[in-house]
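Colleague: Need the 3D shape of this:
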Amino acid sequence: MSMSSTVPERSEFRSSDLSRSSPAVFAAASDHPIRVTRRDGEPLVLMSESRDRARRRLLELAAQLIAAATDSEGTLSDRLVKVLPWMEALSDGDRADCAEELLSAARASFSTNQPHLAVATLTSWEETAAAIAAGLHTEPVEWLEEDEPVERP
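Modeller: Have a look, this model is predicted:
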């Protein structure tokens, strides 16, 4: 629900609403998972594919974190490298930071039911590792002066 809206977001619809007012049902499902009740069966949950993908990715990450946490050899970052091999591209310090950030983001995602927190952190670190592996970390960085205006493209 947006901050300016006074109408509560609807999270449950009847199956008949799919044919009678499908735009409202689909709009709600695009925004958040909704429950569709049926007289002849168990209720269904309707959500966007991207939300479902994020939930699946969060469960994959949970399995990887559990595998690393239950291993008894080496540091947590060493154990995570076994299940997330792209971490090999990171320095030892970055591996430790990555492990800590992944655990924190996963805890936040599970406790708030917001998969994007952990998925975004995972993606960010994975893309950083890919850039390092591609040699992009050796390129010199050219910083702009703080008060130097930049033209729009």
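Colleague: Only C-alpha atoms from now on, for both contacts and neighbour counts.
Modeller: Noted.
Colleague: Which parts of this protein are strands?
Modeller: Assigned strands in the chain, in chain order: 12-14, 34-38, 41-46 (criterion: DSSP state E).
Colleague: Just the residues contacting the last one, thanks.
Modeller: Put plainly, it is strand 41-46. Outside strand 41-46, the residues within contact range by Cα atoms under 8 Å, 6 or more residues apart in numbering are 29, 33-38.
Colleague: Give me the buried entries from the residues you listed.
Modeller: If you count burial by 16 or more other Cα atoms under 10 Å, the buried members of the contacts of strand 41-46 come out as 29, 33-37.
Colleague: can you pull out the helices in the protein?
Modeller: If you assign secondary structure with DSSP state H, the helices in the chain sit at 17-20, 22-31, 49-70, 76-83, 92-112, 115-133.
Colleague: Could you point out which of these sits nearest Arg10?
Modeller: Ranking those by their distance to Arg10 (criterion: Cα to Cα) puts helix 22-31 first, at 6.9 Å.
Colleague: Next, the angle from the closest one to strand 41-46.
Modeller: For helix 22-31 against strand 41-46, the angle by axes from the mean of the first three to the mean of the last three Cα atoms, to 10 degrees is 70 degrees.
Colleague: Could you export helix 22-31 as PDB, CA atoms only?
Modeller: Provided in PDB are the C-alpha atoms of helix 22-31 (Å, rounded to 0.1, in the frame of the first residue of the first chain):
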ATOM      1  CA  SER A  22      -9.600  -9.400 -13.600                       C
ATOM      2  CA  PRO A  23      -7.800  -6.000 -14.000                       C
ATOM      3  CA  ALA A  24      -8.100  -5.300 -10.200                       C
ATOM      4  CA  VAL A  25      -7.000  -8.900  -9.400                       C
ATOM      5  CA  PHE A  26      -4.000  -8.700 -11.600                       C
ATOM      6  CA  ALA A  27      -3.100  -5.200 -10.400                       C
ATOM      7  CA  ALA A  28      -3.100  -6.400  -6.900                       C
ATOM      8  CA  ALA A  29      -1.100  -9.600  -7.800                       C
ATOM      9  CA  SER A  30       1.500  -7.400  -9.600                       C
ATOM     10  CA  ASP A  31       1.900  -5.400  -6.400                       C
END
